[in-house]
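1. Next one to model:
(one chain, ligands or ions: 1)
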Amino acid sequence: MIELVDLTKKFKDAYAVKNLNMFIEKGEIVGLLGPNGAGKSTAISMLSSLLDPTGGDVRYDNKSIIKSPSAFRKVVGMVPQEIALYEDLTAEENLRFFGRIYQLRGKELNRKIDEVLEQIGLTDRRKEVVKKYSGGMKRRLNIGVALLHDPEVIIMDEPTVGIDPQSRNYILETVKRFNEERKMTVLYTSHYMEEVEFLCDRIYIMDKGNLIASGTKEEIKRILSSENTISIKAERFSTDFIESIKNHPSVNRITVGEKEILIIVPRAVNMFSEVIRIAEQFHIELSSVDNKAPTLEDVFLHLTGRALRD
Ligand SMILES: Nc1ncnc2c1ncn2[C@@H]1O[C@H](COP(=O)(O)OP(=O)(O)OP(=O)(O)O)[C@@H](O)[C@H]1O
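-> The predicted model follows:
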C-alpha cells in the first residue's frame, strides 16, 4: 500500500500542496482530480521522489520512500505530463534508449520492447521517427516508456492532454486492461471528470493545494444527495413558464439553457407531475423530462462554486 501522510510542499510563501493525506491499495485505480494549479503534479512529483517535500511523508509498504527511495523506484513507472521522447529517434530506438537506463540488455530488452509496442498498439509503426507521430501516438509511447521495467505501480500525470477522442479512448481502455490483467496499481491524475469516472473506483479531489473530497464515486456523489436535478427539454421556453418554475415553492434554483432547463429541487420533492402541469398551463411542448444523476462535475461545482475547467 502507498500512503501519503500530511504531505506538504511550499514554494516561497505559497503552498502548492498542504497536508495531503491519501492511500492507494495494491491493485486499485485511484483518481486524483483537480483543475489546473490544484497541486496534482507537485503531489505526484513528491510521490515519485522527484521533488523533496517541505513536510510529511510518503510510505510504500510502511517504509518511507522519502528517506530511502530506491526500492520504490524499482516498482514504479511514471508517465509525465510533458512528452519526454527523442523526436529524431524511432519508437523502437526510444524504448531501447530508456530500457538501457532501466538496466535492461540484450534479449530481455528486445523482448520487452516487442511486448510494450504490442501493449500500446504501435508495433506497426515501430520504425518511424517520433516527430512523424500524431499527438495520440506520442502519448502512447510516453506511457510505453514507463512500462519497460514491468512496474507494479504506474503514476500517470494527465496522460490524455491535447489528443483526439479516439486516442484518448485507447489510452483509457489500455489503463483499464493493465489493471485488470496485470493487477497493476494506478494513480491517474486528470482534470477531466469523465475519465476519472470511467476508470477509478476511488477518487481524491484537490483544489488550491488542499484535498476537498475523497471516497468512492458513490460516496462522493452522495455529497449532493440533499438535492435532485430534473432536466426538461423543449424547442422553446416562454418567459412566463421560466418565471413560474423558478418561483415555485418547491424549487431551490434553476439553470436556463436555450433548449434545456435544469430544475434543482430538494431530494424528497417529486416535481415531475408539477412540471408537466405548468408546461401545459403555458402551452410548452416538452420533448423530455428526466431525472439527472449527479456527476463528479456537479460535485466539484457544489464544493468550490466553480466549474472544473475554469
Ligand atoms: N517550481 C515551482 N515554483 C513555484 N511555484 C510552483 C512550482 N511548481 C508548481 N508551483 C505552483 O504550485 C501550484 C500547484 O501546481 P501544480 O503544477 O502541482 O498543479 P496541477 O494541479 O498539477 O496543475 P496542472 O494541471 O496545470 O499541472 C500552482 O500554483 C503552481 O503555480
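
2. what comes up buried for the top helix by length along the chain?
-> In the chain, taking DSSP state H as the definition, the longest helix is helix 165-182. Going by neighbour count (16 or more other CB atoms under 10 Å), the buried part of helix 165-182 is 167, 168, 170, 171, 172, 174, 175, 178, 179. The way it works is simple: take the backbone N, C-alpha and C, and place the C-beta from them, glycine included.

3. And it, what does it pack against?
-> strand 29-33, helix 135-147, strand 153-157, strand 185-190, helix 193-199 (3 or more CB pairs under 8 Å, 6 or more residues apart in numbering; DSSP states H and E).

4. The fourth one close to the ligand?
-> No: remark: strand 185-190 sits outside contact range of the ligand, by CB under 6 Å from any ligand atom, the gap being at least 7.0 Å.

5. Look up the residues forming beta bridges with the residue nearest the centre of the chain.
-> Centrality entry for the chain: nearest residue to the mean C-alpha point is residue 190, 3.3 Å, by CA atoms, centre = their mean. Beta bridges link residue 190 to residue 33, judged by DSSP bridges.

6. so what's it up against?
-> Neighbouring residues of residue 190 by CB atoms under 8 Å, 6 or more residues apart in numbering: 31, 32, 33, 158, 160, 196.

7. low-scoring pLDDT stretches of the stretch 151-300 of the chain, where are they?
-> 224 (pLDDT under 70).

8. Now do the strands in it.
-> 153-157, 185-190, 202-207, 210-216, 227-234, 253-256, 260-266, 286-292 (DSSP state E, counting those that start in this stretch).

9. looking at the ones you listed, which is closest to residue 48?
-> strand 153-157 (5.8 Å; CB to CB).

10. what's that closest one in contact with?
-> Contacts of strand 153-157 (CB under 8 Å, 6+ apart): 2, 24, 40-41, 44, 47-48, 75-81, 143, 146-147, 175, 178, 184-189.

11. what about 10 Å?
-> 2, 24, 26-27, 29, 32, 40-41, 43-45, 47-48, 60, 72, 75-82, 142-143, 146-147, 171, 175, 178-179, 182, 184-190, 199 (CB atoms under 10 Å, 6 or more residues apart in numbering).

12. which of those residues count as buried?
-> So, by 16+ other CB under 10 Å, the buried ones in the contacts of strand 153-157 are 2, 24, 29, 32, 40-41, 43-45, 47-48, 60, 72, 76-80, 142-143, 146-147, 171, 175, 178-179, 184-190, 199.

13. contacting residues for the closest residue to residue 143 other than its chain neighbours?
-> Nearest non-adjacent residue to residue 143, counting by CB to CB, 6 or more residues apart in numbering: residue 79, 5.2 Å away. Residues in contact with residue 79 (CB under 10 Å, 6+ apart) are 44, 139, 142-147, 154-159, 171, 175, 188-189.

14. So what pairs up with residue 79 in the strands?
-> Residue 79 has these beta-bridge partners by DSSP bridges: residue 156.

15. Kindly report the same for residue 292.
-> With DSSP bridges as the rule, residue 292 is bridged to residue 229.

16. From the ligand, how far out is it?
-> Distance, residue 292 to the ligand, using CB to the nearest ligand atom, to the nearest Å: 28 Å.

17. Now do the contacts for that residue.
-> Contacts for residue 292 were tallied using CB under 10 Å, 6+ apart; they are 228, 229, 230, 231, 260, 262, 263, 264, 298.

18. Tell me the buried residues within these.
-> Applying 16+ other CB under 10 Å to the contacts of residue 292 flags 228, 229, 230, 260, 263, 264, 298 as buried.

19. Output those residues in JSON lines; the columns should cover distance to residue 64.
-> Shown next, in JSON lines, are the buried ones among the contacts of residue 292 (distance: CB to CB, whole Å):
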{"residue": "228", "distance to residue 64": "46"}
{"residue": "229", "distance to residue 64": "45"}
{"residue": "230", "distance to residue 64": "51"}
{"residue": "260", "distance to residue 64": "52"}
{"residue": "263", "distance to residue 64": "51"}
{"residue": "264", "distance to residue 64": "46"}
{"residue": "298", "distance to residue 64": "38"}
